[in-house]
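A.B. asks: got a structure for you, letters missing:
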């Protein structure tokens, strides 16, 4: 059937008629949710169902959603599931698995109702922690963070029916989303989508509005911010990312392949925030970040936003069947995370360098850090194999998509530039792929490499075979040398440890705290670090967000084995009040990798400079 879609156009016509006939036969989904009625941190969802047939029907809530690469089982948060006929008589329902409900006498089915608990604030529900940008939060009368796939589902075999969702909202609330309301009033919003995929792809944030709209080319870009203590606002953040978005527009050829986009930004004042980030969607992205001023958030927002915004190219306009017809219950992963995430991450930084948002030294420092981080993952694991098995076997390898995945993009871009005499790179390649496929046409997973080779050069086949589907290490020394940069791989050394603990930032106290001690080593144990400890100083040097790197660099350079180490911390006592404590131990050294090194060659050749100029399309 896959081949038929691309080869036999009459079949597509027949398929279109078939879908239209299905819509006439079954009708549409009509959901309603009243945001004024939160009870025990739960919302009730009501659905007037499509016309069903047969003895039974199965209703699904997603097990997994695109962009997360983790099994979340959103059905865990559903309770009190009920089904009714037109007369209000209850029908028999049984739960067939964590995310599915089977309804008997489906031909009589008219309405279903169920309760949804939010994912941010439900510690009693066991299982995989749901990354906040992929979850839901119901804070009555304050804020509703709604990833629609956490509330709404679909019947087996009927994902492609139209959807209507009616929200009753608190007074003054506004729904920030990429969706356009078909009807809106002071108390209600109605949204319609042509299928479940489009609904699940559109998060909504309801709160008293703080929004700004930017005009980027011909596109309207909404920036919506929730800052509980008003430390940041949409106007300042919008102004801060405007130059980045304009640069991305130019990077994509001078125009954007969308008419509307939404940045939905939730700033948390939770002092124990342990992770933050964003989740991309086709026409929006949802951010969960620690609350701070717009100035303090500036670089983080620009870096994260530039990555997420580039997803308007892939997977929106370039995707395999695994993504285009996503299976929310029995997912099959694509082999091409190197492109979806890796090439997107590469472009996010290359764009900033190309358009003068960062300088060359900063860019090289970022690539060096990616090399350092990539070394903590399996370098001889083929990226395609990791991608296919990222949900289970290689789950711990996922974050390498942002490290080695981005370096794959760098090596491929410069390789293409060399082969084309500087005239063709990954920007051109992605543009050509978007023209070949587009939003409504998927590619076969095992055919993408051949398609790229046909669009570029025969030598690229060998590149993929060696470095993406193969086990060979990336040609980093050769790649950097070709643009006049000397690369030296880090060597194993002995260095002082800080206990193998991880840090995070408490926006309320403005201190760095110990976020995780699960991997703590001997030094950390001797020091007596505890989760939640807030660091005041290390060997009398003030330790904070502004001094973090300087203090850690000094520690690594000056400490000798056996030296005394003193860390002043603030720790909560039994009453929940902070008390100052001093932790002491002798320094311990452990085996580690020295930093990789990237340094501009003092006298690069004309050939090296020419390739660098072509790669950046600027004078250098």
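C.D. replies: Ah, there it is. Quick caveat, the model's predicted, so the values are computed rather than measured.

A.B. asks: which residues of the stretch 1-150 of the chain fall in strands?
C.D. replies: Counting by DSSP state E, counting those that start in this stretch, the stretch 1-150 of the chain forms strands over residues 29-34, 42-48, 56-60, 78-85, 90-91, 93-97, 100-104, 109-117, 136-139, 143-146, given from the N-terminal end onward.

A.B. asks: Same list, those, but as CSV with mean pLDDT and mean neighbour count please.
C.D. replies: Heads up, the C-betas are built off the backbone N, CA and C, glycines and all. Rendered in CSV, the data for the strands of the stretch 1-150 of the chain read as follows (pLDDT from 0 to 100; neighbours: other Cβ atoms under 10 Å):
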stretch, mean pLDDT, mean neighbour count
strand 29-34, 98, 20
strand 42-48, 98, 18
strand 56-60, 97, 21
strand 78-85, 98, 17
strand 90-91, 97, 14
strand 93-97, 95, 13
strand 100-104, 97, 19
strand 109-117, 98, 20
strand 136-139, 96, 21
strand 143-146, 98, 24
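
A.B. asks: Of all these, which one is nearest residue 279?
C.D. replies: Distances from residue 279 to each of those were compared by Cβ to Cβ, and the smallest falls on strand 143-146, at 11.3 Å.

A.B. asks: partners of that closest one, with directions?
C.D. replies: Each strand paired with strand 143-146, and its direction, by DSSP bridges: strand 136-139 (antiparallel), strand 204-207 (antiparallel).

A.B. asks: Throw the ones you listed into JSON lines and include distance to residue 192, thanks.
C.D. replies: Shown next, in JSON lines, are the strands paired with strand 143-146 (distance: least, Cβ to Cβ, whole Å):
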{"stretch": "strand 136-139", "distance to residue 192": "21"}
{"stretch": "strand 204-207", "distance to residue 192": "14"}
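
A.B. asks: and of those strands, who's closest to residue 543?
C.D. replies: Using Cβ to Cβ, the strands paired with strand 143-146 put strand 136-139 closest to residue 543, at 31.4 Å.

A.B. asks: List the contacts of the closest one.
C.D. replies: 38, 41-43, 77, 116, 118-121, 143-147, 150-151, 266 (Cβ atoms under 8 Å, 6 or more residues apart in numbering).

A.B. asks: again, 10 Å this time
C.D. replies: Contacts of strand 136-139 from elsewhere in the structure, counted by Cβ atoms under 10 Å, 6 or more residues apart in numbering, are 35, 38-39, 41-43, 74, 77, 116-122, 130, 143-151, 203, 205-207, 226, 228, 266, 268, 288.

A.B. asks: just stretch 78-92 next, same as before
C.D. replies: So stretch 78-92 is contacted by 42, 44-45, 47, 49, 56-57, 59, 61, 75, 93-95, 98-99, 101-117, 125, 150-151, 153 (Cβ under 10 Å, 6+ apart).

A.B. asks: Turn the buried ones among the contacts of strand 136-139 into a named PyMOL selection, would you?
C.D. replies: In PyMOL, this line selects whichever of those come out buried by 16 or more other Cβ atoms under 10 Å:
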select buried, resi 35+38+41+42+43+74+77+116+117+118+119+120+122+130+143+144+145+146+147+148+149+150+151+203+205+206+207+226+266+268+288
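
A.B. asks: quick one, helices of the stretch 51-200 of the chain?
C.D. replies: Taking DSSP state H, counting those that start in this stretch to define them, one finds helices in the stretch 51-200 of the chain at 196-200.

A.B. asks: Give me the domain ranges for this structure.
C.D. replies: 24-209, 334-490+606-620, 493-593 (automatic domain parsing).

A.B. asks: Just put these in a markdown table and tack on distance to residue 218.
C.D. replies: Written out in a markdown table, the entries for these read as follows (distance: least, Cβ to Cβ, whole Å):
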| stretch | distance to residue 218 |
| --- | --- |
| domain 24-209 | 16 |
| domain 334-490+606-620 | 17 |
| domain 493-593 | 37 |
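
A.B. asks: Out of those, flag the one nearest residue 296.
C.D. replies: Across the domains of the chain (criterion: Cβ to Cβ), the nearest stretch is domain 493-593, sitting at 7.8 Å.

A.B. asks: In a strand, residue 453, correct?
C.D. replies: No - using DSSP: H, G, I helix; E, B strand; the rest coil, the secondary structure at residue 453 is helix, not a strand.

A.B. asks: show me the contacts for it.
C.D. replies: 459, 460, 461, 462, 463, 464.

A.B. asks: Who wins on neighbours among those residues?
C.D. replies: Sorting those by how many neighbours each has (other Cβ atoms under 10 Å) puts residue 463 first, at 23 neighbours.

A.B. asks: one step back: any chance of CSV for the strands of the stretch 1-150 of the chain, columns distance to residue 351?
C.D. replies: Formatted as CSV, the entries for the strands of the stretch 1-150 of the chain read as follows, by distance: least, Cβ to Cβ, whole Å:
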stretch, distance to residue 351
strand 29-34, 39
strand 42-48, 40
strand 56-60, 38
strand 78-85, 41
strand 90-91, 54
strand 93-97, 43
strand 100-104, 42
strand 109-117, 38
strand 136-139, 32
strand 143-146, 29
